[in-house]
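>>> need a structure here:
(2 chains)
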Amino acid sequence: MTALSDTLAKARADGRAALIGYLPVGYPSVEVSIEAMRAMVAGGADVVEVGIPYSDPVMDGPTIQAAAEQAVRNGVGMADALRAVSAVADAGAAAVVMSYWNPIDRYGVERFAADLAAAGGSGAITPDLIPDEAAPWLAASDQHRLDRIFLVAPSSTDARITATATASRGFVYAASTMGVTGTRTSVSGAAQALVGRVRALMPDVAVCVGLGVSNGDQAAEVAAFADGVIVGSAFVRRLLDAPDAAGVAAVEALAADLAAGVRRR
Amino acid sequence: MTPDSAVPDTTVPDATGHFGPYGGRFVPEALVAAIDELTAAFHETQDDPAFRAELHALLRDYTGRPSPLTDVPKFGEHAGGARILLKREDLNHTGSHKINNVLGQALLTKRIGKKRVIAETGAGQHGVATATAAALMGLECTVYMGEEDTRRQALNVARMQLLGATVVPVATGSRTLKDAINEAMRDWVTNVETTNYVFGTVAGPHPFPLMVREYQRVIGDEARAQVLDRVGRLPDVVAACVGGGSNAIGIFTAFVPDKTVRLVGFEAGGDGVDTGRHAATITGGAPGVLHGARSYLLQDANGQTIESHSISAGLDYPGVGPEHSYLHDIGRAEYRPITDAQAMDAFSLLSRSEGIIPAIESAHALAGALDLGRELGPEAVILVNLSGRGDKDVETATKYFGLGS
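Have a look, this model is predicted:
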């Protein structure tokens, strides 16, 4: 069992959802991004998604695009991401890589899996890789005992939800709304309906919800029906507003607010 | 490689959209349902005589097909005396080959009951064609265009607006076609319930490379018969420019089984492939995943897309359609770079020698034909796809040649 699966099981046993936070490695710099990930863990994040910045992030809204563009310009590579993974694992949280497929493809799928496992990572979330195209990754993640998190969306058919959840390990990522990443003022009703559909079809699979959550109240709302609450843009926003120690502190404060949210009864 | 092995499997792509190792669907799950629906509707309409007849009538009565084949002997004098024949896609309504594909996809949009279309555009030719088809069929239309391209192709921005489309300038990344596609994908994933993405080239996720090929193959189907009729034999070479590669696939497809016919695609060499400032994806790139498919692309060691450079907005793209990658790898087609300077020389030469102002995109194929003619000599017959007309490029050419007052 990976640290991720372990963490999700423990949260479930505690009767709460897990808090999963995302930050791209390399914004504003590799060092500060790693500090911010540690701060996120200190604030109460159970799982950190270590984002690999990509030049063409078609699933991301303006906030993550802005940070990623800067990180790409900084020349961030897989070695930096693996260093962040180790730092997160050392800080006591589960680390998963979040990456569009080409950076992993370019690095080499087998080499990525081996190096990620060696760095103490639990697996990877691949927003533009559907299981249909994932044969090499399925094999490599099996061999290195890594989790692989695929996405489902409100538009997914029942057949695709079943197939995607079957191919997934760790959890299934439920994209709560149709659209790109970014904070939203209210949590979409589609999220709960989608989680319900996944649960009905695949009762044993953990389902975590992402896209739009930005504060403790929204986290509490999602935590009521999901196994995990995923927060990305709101963390990135803190660093965009203050790309320094103040931003890192703001990341920790946000994590604390969200961590309280997922524990609210 | 023996000639026999160079003939590709006629079943490409396979049922899941793969051309050998290329193509496929590297897309967010949120789009899969819509893409499945589109794929099913495409296959259904390919076998539907009423749909085919409606599309054929539009191509004939609205676009003006078949497009003519023009001998250009004075231009040919500069190509070692070779006989050069131009397939005149520039004479289509809207001024390029893009309308062939767009009419098919717009009819398909109506068939699946969607009321809004989005498109990306580089030079603006695909955007203009989409805006035109949307006006004709009563669809709402939004076109994404890199900010850099809205500047160098201002005429086409105005045309799209006149046709009732909304043009959204994209200010991210390189501010060109690649980023326009990113932004169109973001729109699609958000509005997929109401919106169909009319994709302009033979790239992107399955079924686009197949679908756009089938809507564009009319170019080669017509040209093959026209050359046989005019010359009494097949051409020695078929030449086309390659950005994403839709006009090239359009003219190549009918000739792929003709083993004696060389297929040559001319990529945008920009300042020269060795300078790093180019858009010659197959010549200077490596296989990877971009915009939904596996194909050659310009990328760095970290898998980040490298920004392309070309004087031609329509070829200024760091990717290429997966079927071109496949045809390249099996040796059925060749791909060569043409620099900005070579293309502009050919642009000027065709204008002055034959009275035809080509699109700068198509001028890359013309420059390639000049080289091929000199290589092959006066007995050679070279068919060139003149994929678009140059009106939109007058400002770029004025600046390049220092014309005007």
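
>>> Can you list the buried residues in stretch B:290-306?
Residues B:290-299, B:302-306 are the ones in stretch B:290-306 that count as buried (16 or more other C-beta atoms under 10 Å in any protein chain shown). All C-beta atoms are positioned from the backbone trio N, CA, C, and that covers glycine.

>>> Just the CA atoms of that stretch, as CSV, please.
Extracted in CSV, the C-alpha atoms of stretch B:290-306 (Å, rounded to 0.1, in the frame of the first residue of the first chain):
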residue,chain,number,x,y,z
LEU,B,290,0.6,17.8,-28.0
HIS,B,291,-3.0,18.9,-28.4
GLY,B,292,-4.5,15.5,-28.0
ALA,B,293,-2.3,13.3,-30.2
ARG,B,294,1.1,11.7,-30.4
SER,B,295,3.1,13.0,-33.2
TYR,B,296,6.4,14.8,-33.9
LEU,B,297,6.7,18.1,-32.1
LEU,B,298,9.2,20.8,-31.2
GLN,B,299,10.0,20.2,-27.6
ASP,B,300,12.9,20.6,-25.1
ALA,B,301,14.5,18.0,-22.9
ASN,B,302,11.8,18.6,-20.3
GLY,B,303,9.0,17.9,-22.7
GLN,B,304,8.0,21.6,-22.9
THR,B,305,6.8,22.8,-26.3
ILE,B,306,9.3,25.0,-28.0
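
>>> can you tell me which of the buried residues of stretch B:290-306 are in strands?
The strands, defined by DSSP state E, take in B:290, B:293-297 from the buried residues of stretch B:290-306.

>>> if we look at chain A, which of those are close to it?
Residues of those in contact with chain A (C-beta under 8 Å from any C-beta of the partner chain): B:Leu290.

>>> helices and strands around whichever helix or strand A:Val248 is part of, which ones?
According to DSSP states H and E, A:Val248 maps onto helix A:245-263. The criterion is 3 or more C-beta pairs under 8 Å, 6 or more residues apart in numbering or on different chains; DSSP states H and E, and the helices and strands that helix A:245-263 contacts are strand A:18-24, helix A:30-43, helix A:216-223, strand A:228-231, helix A:233-241.

>>> do that again at 6 Å, thanks
Using 3 or more C-beta pairs under 6 Å, 6 or more residues apart in numbering or on different chains; DSSP states H and E as the contact criterion, the secondary-structure elements in contact with helix A:245-263 are strand A:18-24, helix A:30-43, helix A:216-223, helix A:233-241.

>>> The longest one: which residues count as buried?
Of the residues in helix A:30-43, those buried by neighbour count under the rule 16+ other C-beta under 10 Å are A:30, A:32-43.

>>> quick check, nearest of the residues you listed to chain B?
Nearest to chain B among the buried residues of helix A:30-43, counting by C-beta to the nearest C-beta, is A:Val30 at 13.0 Å.

>>> Mind pulling up the pLDDT for the nearest residue to that closest one once chain neighbours are set aside?
Among residues not flanking A:Val30 along the chain, A:Asp80 sits closest, at 4.8 Å (C-beta to C-beta, 6 or more residues apart in numbering or on different chains). The model reports A:Asp80 with a pLDDT of 98.

>>> Tell me which residues touch A:Asp80, please.
A:Asp80 sits next to A:25-26, A:30 when contact means C-beta atoms under 6 Å, 6 or more residues apart in numbering or on different chains.

>>> Save these as CSV, and put in distance to B:Arg332 too.
Written out in CSV, the entries for the contacts of A:Asp80 read as follows (distance: C-beta to C-beta, whole Å):
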residue, distance to B:Arg332
A:Val25, 42
A:Gly26, 41
A:Val30, 45
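
>>> Out of the residues you listed, flag the one nearest to B:Lys178.
For the contacts of A:Asp80, the closest approach to B:Lys178 (C-beta to C-beta) belongs to A:Gly26, at 20.9 Å.

>>> In contact with the residue of the stretch 301-405 of chain B found nearest chain A, which residues?
Here the stretch 301-405 of chain B gets closest to chain A at one residue, B:Gly303, 3.1 Å apart by C-beta to the nearest C-beta. For B:Gly303, the set of contacting residues under the criterion of C-beta under 6 Å, 6+ apart consists of A:102-103, A:106.

>>> so what's the most centrally placed residue in chain B closest to, chain neighbours aside?
If you average the C-alpha coordinates of chain B and look for the closest C-alpha using C-alpha atoms, centre = their mean, you land on B:Ser246, 3.1 Å from that point. Spatial nearest neighbour of B:Ser246, excluding adjacent residues (C-beta to C-beta, 6+ apart): B:Thr201 at 4.3 Å.

>>> Isn't the one you found up against B:Ala248?
No. Using C-beta atoms under 6 Å, B:Thr201 makes no contact with B:Ala248, being 9.8 Å away.

>>> Have a look at those two and say which one is more surrounded.
B:Ala248 (36 against 30; other C-beta atoms under 10 Å in any protein chain shown).

>>> Whichever residue of the stretch 1-150 of chain B sits closest to chain A and B:Ala41, how far apart?
Closest residue of the stretch 1-150 of chain B to chain A, C-beta to the nearest C-beta: B:Ala30 (3.6 Å). Per C-beta to C-beta, to the nearest Å, B:Ala30 is found 19 Å from B:Ala41.

>>> what about the two, which has more around it?
Summary of the neighbour comparison: B:Ala30 and B:Ala41, criterion other C-beta under 10 Å, with B:Ala30 having more neighbours (25 against 21).

>>> The more buried one is in what secondary structure piece?
Secondary structure (DSSP H and E) places B:Ala30 in helix B:29-46.

>>> Alpha carbons only: can I get that helix in CSV?
As requested, the backbone C-alpha atoms of helix B:29-46 are provided in CSV (Å, rounded to 0.1, in the frame of the first residue of the first chain):
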residue,chain,number,x,y,z
GLU,B,29,-11.9,12.8,-19.7
ALA,B,30,-14.5,15.6,-19.8
LEU,B,31,-14.2,15.7,-23.6
VAL,B,32,-14.4,12.0,-24.3
ALA,B,33,-18.2,11.8,-24.4
ALA,B,34,-18.4,14.7,-26.9
ILE,B,35,-15.6,13.2,-29.0
ASP,B,36,-17.3,9.8,-29.0
GLU,B,37,-20.5,11.4,-30.2
LEU,B,38,-18.6,13.3,-32.9
THR,B,39,-16.8,10.1,-34.1
ALA,B,40,-20.1,8.2,-34.3
ALA,B,41,-21.8,11.0,-36.2
PHE,B,42,-18.9,11.3,-38.6
HIS,B,43,-18.9,7.6,-39.4
GLU,B,44,-22.7,7.6,-39.8
THR,B,45,-22.7,10.5,-42.2
GLN,B,46,-19.8,9.1,-44.3
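
>>> which parts of that helix are buried?
Residues of helix B:29-46 classed as buried by neighbour count (16+ other C-beta under 10 Å): B:29-35, B:38-39, B:41-42, B:45.

>>> Would you map the strands across the stretch 151-300 of chain B?
Applying DSSP state E, counting those that start in this stretch to the stretch 151-300 of chain B gives strands spanning B:166-170, B:195-197, B:237-242, B:262-272, B:277-279, B:286-290, B:293-297.

>>> Next, format these as a markdown table and append distance to A:Gly120.
Listed next are the strands of the stretch 151-300 of chain B as a markdown table, based on distance: least, C-beta to C-beta, whole Å:
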| stretch | distance to A:Gly120 |
| --- | --- |
| strand B:166-170 | 39 |
| strand B:195-197 | 40 |
| strand B:237-242 | 45 |
| strand B:262-272 | 44 |
| strand B:277-279 | 41 |
| strand B:286-290 | 27 |
| strand B:293-297 | 30 |
